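Novice: sequence and predicted structure below; questions after.
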Amino acid sequence: MRWNLLVAAIAGSWGFVSVIVAGLTLPGLALGFWRVALAATAILAALALAGRARALVPPADRVRILGLGLLLALHWALFFETLKRASVAVAILTVYTAPIFVAVLAPALLRERRSRTGLVALAVSAPGLALIALAGEGGSRAETVAVATGLGAALTYALLIIGVKTVAREVSPLAIAFWQYVVASLAVAPFLAGGRALPHPGEWPYVVLLGVALTAGLGVLYVTSLRHVTAQAAGLLAYLEPVSASLLAWAILEQPLGWEVILGGALVLAGGALVVRFEPAGTAEAPGFSPPPASAPIRVRD
């Protein structure tokens, strides 16, 4: 139970990502680049100071780790394209179908048992997430391409959870996280040409906070905790992030908090409570790590 609770707390903490992004003018791709670049630098610096830099050399699965870094970059590209073509509501609704993909794929690829608790929690939380996403959006329709890119982002997120969980059986979670961030930053960098790539001076403290604390620091803690939870539980607890983002936007940015967000948040929290209380721990033989639910920042709107 305590590991599920820790994952839930970390997912909730990532709600600060949306608050930070909402206050910055730096384009999404540039912000994503600096996020992973600073996270990789922070991990390298911390281990170098501790004399443990060699821990970042993966003993196996190097090609697979490279693939996971590229998959993370593809996930972001699809998410950003969804935000560009449709509303934030559509992005949230489509990308956060990832737990459905995890529920379908994890039992076959990770040999996890089908989680009855997870299915019940999904049935409770999904309508709440829909209420949160559609609050203030008027239920606007989205073009087919936007829905396709959003579902692609969800599928790549689910594959990241499953893929890294498999690799983490033999490779240090620190090494996996570090090289994912390195590869993702290298993959995103060429797309920054022609636009603003550097934060303004006043934006740097928030960008550093995003990269060092919310990505490197909490990311490593997330890696460790996910050794003890199932992929299905991790996916479902990610629903707490948009709830946290909405509440923080109300408290910090003074954005309105409608009845849809309140009711939807209550449903999501109820589903999360079911997972925390009743979902059993993951097996020690199949530790894992999933990328932060906020791998692509979600802007909070009125």
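Specialist: Okay, I see it. Remember, predicted model here, so these are calculated numbers, not experimental data.

Novice: switch to C-alpha atoms for all contacts and neighbour counts from now on
Specialist: Fine.

Novice: can you pull out the helices in the stretch 201-302 of the chain?
Specialist: Secondary structure of the stretch 201-302 of the chain, counting by DSSP state H, counting those that start in this stretch: helices at 204-208, 218-225, 231-237, 240-252, 259-278.

Novice: same for the last one, what does it pack against?
Specialist: In other words, helix 259-278. Judged by 3 or more C-alpha pairs under 8 Å, 6 or more residues apart in numbering; DSSP states H and E, the packing partners of helix 259-278 are helix 2-13, helix 116-134, helix 231-237, helix 240-252.

Novice: one step back: will you turn the helices of the stretch 201-302 of the chain into JSON lines that also has mean neighbour count?
Specialist: Formatted as JSON lines, those follow (neighbours: other C-alpha atoms under 10 Å):
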{"stretch": "helix 204-208", "mean neighbour count": "16"}
{"stretch": "helix 218-225", "mean neighbour count": "21"}
{"stretch": "helix 231-237", "mean neighbour count": "28"}
{"stretch": "helix 240-252", "mean neighbour count": "22"}
{"stretch": "helix 259-278", "mean neighbour count": "20"}
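
Novice: looking at these, which is nearest to residue 146?
Specialist: Nearest to residue 146 among the helices of the stretch 201-302 of the chain is helix 240-252; the distance by C-alpha to C-alpha comes to 19.6 Å.

Novice: work out for me the element the residue of the chain most remote from its centre sits within.
Specialist: Distance from the centre of the chain peaks at residue 51, with 29.7 Å (C-alpha atoms, centre = their mean). Using DSSP states H and E, residue 51 sits in no helix or strand.

Novice: mind checking how far it is from residue 44?
Specialist: According to C-alpha to C-alpha, to the nearest Å, residue 51 stands 10 Å off from residue 44.

Novice: ditto for residue 206
Specialist: 20 Å.

Novice: try residue 67
Specialist: 20 Å.

Novice: who has more neighbours, those two?
Specialist: For residue 67 versus residue 44, neighbours defined as other C-alpha atoms under 10 Å are more numerous around residue 44 (20 against 17).

Novice: so the more buried one touches residue 54, yeah?
Specialist: No: Residue 44 is beyond contact range of residue 54, at 9.9 Å (criterion: C-alpha atoms under 8 Å).

Novice: and for residue 202, the neighbour number?
Specialist: 9.

Novice: next, the buried residues of stretch 183-202.
Specialist: 183-189, 197, 199 (16 or more other C-alpha atoms under 10 Å).

Novice: my guess is residue 198 contacts residue 28. True?
Specialist: No: if you go by C-alpha under 8 Å, residue 198 and residue 28 don't touch, sitting 11.7 Å apart.

Novice: between the buried residues of stretch 183-202, which sits nearest residue 79?
Specialist: Looking at the buried residues of stretch 183-202 and their distance to residue 79, the nearest is residue 188, at 13.1 Å (C-alpha to C-alpha).
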